[in-house]
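Trainee: I'll drop the sequence and a predicted model, then ask my questions.
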Amino acid sequence: MNDQIAIRTEGLTKHYGSVEALNDLDIDIRPGEIFGFLGPNGAGKTTTIRTLLDEIHPTAGRAEILGLDTHQQSVEIRRHIGYVPGDLAMYPRLTGRDTLTFFANLRGGVDWGYVDELADRLDADLSKKVGDLSSGNRQKVGLIQAFMNKPEVLIMDEPSAGLDPLVQREFQSMLREEIAKGGTVFLSSHTLSEVQRVADRVGIIRHGRLIAVEGVAGLRAKGIRRVDLYFDEPVDTSVFEAVTGTRDVIVQNHHVSMSFDGRMDELLAAATQHATLVDINTQEADLEEIFLTYYRDEAEVPA
């Protein structure tokens, strides 16, 4: 493998009988980047991760992490990665520190000063039994075990689940620090705001197929805008739906809002044909709106 690729999949496919959970996935993720893997529940995100970790075997295709084959060299790979599963499970009668000790022993020991630093940053109480912790506080323990061996690659499935906003912000800072040190993060999520804040590139998966890979800046440059028009009298929805590039047109008496990626002169011509335009406001669409646009456009393409 090229030494500039941290994670690579080639035609990675997983079928369960007639269920196509993952189809022909090709991705290259470089060292020093956060790759956001986006899609709703059931899209194939967790199947991808479990295949990368050799928890399940692919129907076809292959994958490598740090140049190591994910099936043939899976034990060696585990020395170099940190992992947070989406269905985090821990022994409820162990304390947080006991849990981390268990994982540390599996890895041949860790720097406990660093563990305490992580616990402090995430405001994690490691003295309590895991079974007595809230879901958010259990998630903190899961995050610490992923970071504590100073991995080269972090693979994270819905890592912010249950975290309060302040802890989420600290966690995002921790991710950026890993990237600054040359690490790689594979961040699977359906929470667009989380990915938008930290990711360099985004892969969008739908029904087990990768439908787009874009830089976050590139997504924002798609030209999709939110447009609000205000008139001196009520207007009809059909006037605007006929304009190329309009989506999700909502008319409320004198106010029209929409997503728009067409020519502004055509929109204004249609707007002023039937009523007097009083005011207009446009703003860049957020990542969520762009993401949903991808899903709508893909859904319109026949299988």
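Mentor: Received the coordinates, thanks. Residues are numbered from 1 along each chain as shown.
Trainee: so the closest residue to Ala212 other than its chain neighbours, which state does it fall into?
Mentor: Distances taken as CB to CB, 6 or more residues apart in numbering place Ile204 nearest to Ala212, at 4.5 Å, with adjacent residues excluded. (Glycine included, C-beta is placed from N, CA and C.) With DSSP: H, G, I helix; E, B strand; the rest coil as the basis, Ile204 sits in strand.
Trainee: might one say that Ile204 is in contact with Gly39?
Mentor: Yes - assessed by CB atoms under 8 Å, Ile204 is found in contact with Gly39 at 6.5 Å.
Trainee: show me what counts as buried in the longest helix that the chain contains.
Mentor: The longest helix of the chain (DSSP state H) is helix 165-180. Using 16 or more other CB atoms under 10 Å as the test for burial, helix 165-180 gives 167-168, 170-171, 174-175, 178-179.
Trainee: out of these, who's nearest Tyr230?
Mentor: Gln168 (36.2 Å; CB to CB).
Trainee: what separation is there between that closest one and Leu126?
Mentor: Using CB to CB, to the nearest Å, Gln168 is found at 20 Å from Leu126.
Trainee: cool, Arg138 as well?
Mentor: 12 Å.
Trainee: show me where the chain has helices.
Mentor: For the chain, the helices defined by DSSP H occupy 45-52, 74-77, 96-106, 112-121, 135-147, 165-180, 192-198, 216-220, 237-241, 264-274, 287-300.
Trainee: what would those helices look like in TSV with mean pLDDT and distance to Tyr230?
Mentor: Formatted as TSV, the helices of the chain follow (pLDDT from 0 to 100; distance: least, CB to CB, whole Å):
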stretch	mean pLDDT	distance to Tyr230
helix 45-52	96	41
helix 74-77	94	57
helix 96-106	95	55
helix 112-121	97	47
helix 135-147	97	42
helix 165-180	95	34
helix 192-198	79	28
helix 216-220	72	26
helix 237-241	89	13
helix 264-274	89	10
helix 287-300	62	20
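Trainee: now do the nearest residue to Leu166 once chain neighbours are set aside, the pLDDT please.
Mentor: Once flanking residues are discounted, Leu166 sits nearest to Asp123: 8.0 Å by CB to CB, 6+ apart. Note for Asp123: predicted pLDDT of 96.
Trainee: ok, Asp123 - contacts?
Mentor: By CB atoms under 8 Å, 6 or more residues apart in numbering, the residues touching Asp123 are 140, 166-167.
Trainee: my guess is Gly245 meets Gly262, correct?
Mentor: Yes - between Gly245 and Gly262 there is a contact at 2.1 Å, judged by CB under 8 Å.
Trainee: and the nearest residue to Gln172 once chain neighbours are set aside, how many neighbours does it have?
Mentor: Distance criterion CB to CB, 6+ apart; nearest residue to Gln172, sequence neighbours excluded, is Val198 at 5.1 Å. By other CB atoms under 10 Å, the residues close to Val198 number 18.
Trainee: over to Ala217?
Mentor: Ala217 has 9 neighbours, counted by other CB under 10 Å.
Trainee: isn't Ile155 right next to Leu53, touching?
Mentor: Yes - under the criterion of CB under 8 Å, Ile155 is in contact with Leu53, at a separation of 7.1 Å.
Trainee: and those two? which has more neighbours close in?
Mentor: Neighbours were tallied for Ile155 and for Leu53 using other CB under 10 Å; the higher tally belongs to Ile155 (24 against 18).
Trainee: ok, now how distant is the more buried one from His207?
Mentor: 22 Å.
Trainee: gap between Leu192 and His254?
Mentor: In this view, Leu192 and His254 are 31 Å apart by CB to CB.
Trainee: out of these two, which sits in the more crowded spot?
Mentor: Neighbour totals were compared for Leu192 and His254, and Leu192 leads with 19 against 15 (other CB under 10 Å).
Trainee: from Val216, how far out is the more buried one?
Mentor: 11 Å.
Trainee: Gly32 now?
Mentor: 15 Å.
Trainee: and the two? which has more neighbours close in?
Mentor: A count of neighbours by other CB under 10 Å puts Val216 above the other of Gly32 and Val216, at 19 against 16.
Trainee: contacting residues for the spatially closest residue to the more buried one that is not a sequence neighbour?
Mentor: Spatially, and ignoring its direct neighbours in sequence, Val216 is nearest to Ala199 (5.6 Å; CB to CB, 6+ apart). By CB under 8 Å, 6+ apart, Ala199 lies in contact with 34-36, 187, 216.
Trainee: closest to Leu88 among the buried residues of helix 165-180?
Mentor: Phe171 (14.2 Å).
Trainee: that closest one reaches Leu118, doesn't it?
Mentor: No - using CB under 8 Å, Phe171 is not in contact with Leu118; the gap is 10.2 Å.
Trainee: now do the shared contacts for those two.
Mentor: The contact lists of Phe171 and Leu118 share Leu143, where a contact means CB under 8 Å, 6+ apart.
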